[in-house]
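Peer 1: whatever this is, show me its structure:
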Amino acid sequence: MGGYAVVDVETTGLVPEAHDRVVEIAVVQVTPDGVVEDTWSTLVNPGRDLGRQDIHGIRAADVRHAPAFGDVAGQVARLLRGRTFVAHNAQFDRRFVWHEFARQGVDVPLIEPTTLCTMRTGSLLSPGAPRSLAGSCGHHGVELRNAHEAMSDALAAAGLLRVFLDRGSRRTVPGWDDVVELAETTPWPELPAGSAAPVARGVSTTRDTHLLARLATVRNRPITTRVKEGYLELVDRALLDRHISAREHDQLAAYCVEAGIGRAVAGTLHREYLAALACAARSDGVLTPDEQADLRAVAAMLHVPDDEADHLLLAARGTTTVAGGGTTTADGGAGRVVARRSHLAPGDHVVFTGAMREPRDVWERRARDAGLVPHPAVTKKVRLVVAADPDSLSTKARKAEAYGITVVSEDGFDRMIGML
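Peer 2: Residues are numbered from 1 along each chain as shown. This next block holds a predicted model:
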């Protein structure tokens, strides 16, 4: 077989020996003379929060559709078997891949003697060149399209490898051919190929359709006031931070399917909810521009058409006929849900999870300044969980979902404490 396997991984952190995991992996297979043969990449579900999302830019909404490493381990092994492992700062990537296999109980021959590093090779061939991937690519004229996107980084490292091979790295780098020969001849354990399909960034935009689209085939059944208000309470909770996450779309859809709430009924309930919000906003006799903008944003999230939303805002008090048929009222179930809705209040317990854009202690101080009580763990007494990503896969976020506790983003929490 021979040749090289150029690898890049995006991770939750820096320490695979502890609890950090791979969240994206790319493999570029390269011939012995540096020509790209094949490419493969996928997001990986680490079963935990995603770490510094501000660095790698991966969203939990996408990762929740991705396979775990164990589901693609056989494919990764096939791509690496018989090839020299290559990466930029190879020790980092090799350690993470080795530990992912080890978590599956598999010992693979990813060791320093079968590895080549484009960062180290660049330093040997061009001592004055920058060491970072971006700097090295700029120095050697290699394209780096999207830094910290695994396939882009792997292709860039493969481009550097081609440059170094053309410059005679096999002759000038001590032990190069020995590394290649050992990698080619070292046996790998046989693993099941697996059938998990690779998942790319952005998958949620096609798979996570809006709630109303998911209900197109749900047959409407007669619903009680209790069922109706239960749904509206879920809607209200999801909109606390003015963002309906993928997880919350799933929860709303599951409730509708179980209750027999089809697309038409859900749409009517959304208009009733919007009308109730508008009435609540105008309870002081004034509907400010900020309140109008907020109501229109809610309408967009609930897929209430613009013309209907405008009509509801104009008729915020009393009963009005809505375009498209039916009667929408600010009274009844939606009005009761909005009237008894509870935002954050002084003394409420809040939990923080994930690698946030600002240090955890900063957020905890803001919470205390607002009269809230930061709490280290999710219990049934907790009012809110604040996550770096509202679709977080962290243990705290999963426990919050099980307890029916709302998970909001940093921006959502910032907005909420501003209303206290």
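Peer 1: so how many other residues sit close to the closest residue to residue 198 other than its chain neighbours?
Peer 2: Once flanking residues are discounted, residue 198 sits nearest to residue 42: 3.6 Å by Cβ to Cβ, 6 or more residues apart in numbering. From N, CA and C alone the C-beta is placed, and that goes for glycine too. Residues lying near residue 42 (other Cβ atoms under 10 Å) number 23.
Peer 1: cool, and residue 207?
Peer 2: What residue 207 shows, counting by other Cβ under 10 Å, is a neighbour count of 13.
Peer 1: surely it meets residue 65?
Peer 2: Yes: using Cβ atoms under 8 Å, residue 207 is in contact with residue 65, at 5.8 Å.
Peer 1: ok, for residue 222, nearest residue in space, not its chain neighbours?
Peer 2: Residue 222 sits nearest to residue 260 (Cβ to Cβ, 6+ apart), 7.8 Å away.
Peer 1: host element of the residue nearest to residue 198?
Peer 2: strand 36-43 (DSSP states H and E).
Peer 1: which other residues reach that strand?
Peer 2: Strand 36-43 has contacts (Cβ atoms under 8 Å, 6 or more residues apart in numbering) with 3, 23-31, 58, 62-63, 65-67, 72, 75, 79, 150-151, 154-155, 158, 198-201, 203.
Peer 1: mind checking which of those residues are buried?
Peer 2: Neighbour-count burial (16 or more other Cβ atoms under 10 Å) applied to the contacts of strand 36-43 gives 3, 23-30, 58, 62-63, 65-67, 72, 75, 79, 150-151, 154-155, 158, 198-199, 201, 203.
Peer 1: strands of the chain, start to end?
Peer 2: Taking DSSP state E as the test, the strands found in the chain are 4-11, 22-30, 36-43, 84-87, 115-117, 319-321, 327-329, 349-353, 373-374, 382-387, 406-408.
Peer 1: to residue 302, which of those strands lies closest?
Peer 2: Among the strands of the chain, strand 327-329 comes nearest to residue 302, with 12.6 Å by Cβ to Cβ.
Peer 1: got a pLDDT number for the spatially closest residue to residue 98 that is not a sequence neighbour?
Peer 2: Among residues not flanking residue 98 along the chain, residue 110 sits closest, at 4.4 Å (Cβ to Cβ, 6+ apart). The confidence metric pLDDT takes the value 97 at residue 110.
Peer 1: which residues does residue 110 contact?
Peer 2: Residue 110 makes contacts with 80, 85, 94, 97, 98, 101, as judged by Cβ under 8 Å, 6+ apart.
Peer 1: mind listing what's buried in stretch 282-299?
Peer 2: For stretch 282-299, by 16+ other Cβ under 10 Å, it's 282, 287, 291, 295, 296, 298, 299.
Peer 1: with stretch 160-167 instead?
Peer 2: Those would be 160, 161, 162, 163, 164, 165, for stretch 160-167 by 16+ other Cβ under 10 Å.
Peer 1: since that was my last question, I'll sign off now.
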